[in-house]
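[1] Kindly return the folded structure for what I paste below:
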Amino acid sequence: MSIYVGNLSYQVTEEDLKLAFAEYGKVNRVQLPTDRETGRPRGFAFVEMESDAQELAAIEALDGAEWMGRDLKVNKAKPREERSSPRGSWGNNNRNNRRY
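    Sure thing, here's the model as predicted:
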């Protein structure tokens, strides 16, 4: 299981998250996605802990809690959806369907 942590301050670091979640158990991994263009954090993260019980304790304690000036949104992470390649997208040019 993985935990989704949303509405994060843009100043948060992976170390900040490790320290905050360590109160509820051993943190195995923290992912803090960044914007490709700016390199800034995107305002959310994923945290993996040693056990489901530890993750549930962290979710219950931190969901809605105020941290670094923001109200956190903390819940079970949903599985990543498969992205299919869009047909007829503007990158495809779809020349056969053009009308002149």
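[2] so where's the chain uncertain?
    Per-residue confidence for the chain (pLDDT under 70) gives these ranges: 83-100.
[3] Can you list the residue ranges for strands in it?
    3-6, 27-31, 44-49, 66-67, 70-71, 73-76 (DSSP state E).
[4] Dump those strands to CSV, plus distance to E82 and mean neighbour count.
    Glycine gets a C-beta too; all of them are placed from N, C-alpha and C. Below are the strands of the chain laid out as CSV (distance: least, Cβ to Cβ, whole Å; neighbours: other Cβ atoms under 10 Å):
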stretch, distance to E82, mean neighbour count
strand 3-6, 18, 20
strand 27-31, 19, 16
strand 44-49, 18, 20
strand 66-67, 32, 12
strand 70-71, 31, 13
strand 73-76, 19, 16
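[5] Just send those back as JSON lines, with distance to E60 too.
    As requested, those are exported to JSON lines (distance: least, Cβ to Cβ, whole Å):
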{"stretch": "strand 3-6", "distance to E60": "11"}
{"stretch": "strand 27-31", "distance to E60": "16"}
{"stretch": "strand 44-49", "distance to E60": "13"}
{"stretch": "strand 66-67", "distance to E60": "15"}
{"stretch": "strand 70-71", "distance to E60": "15"}
{"stretch": "strand 73-76", "distance to E60": "9"}
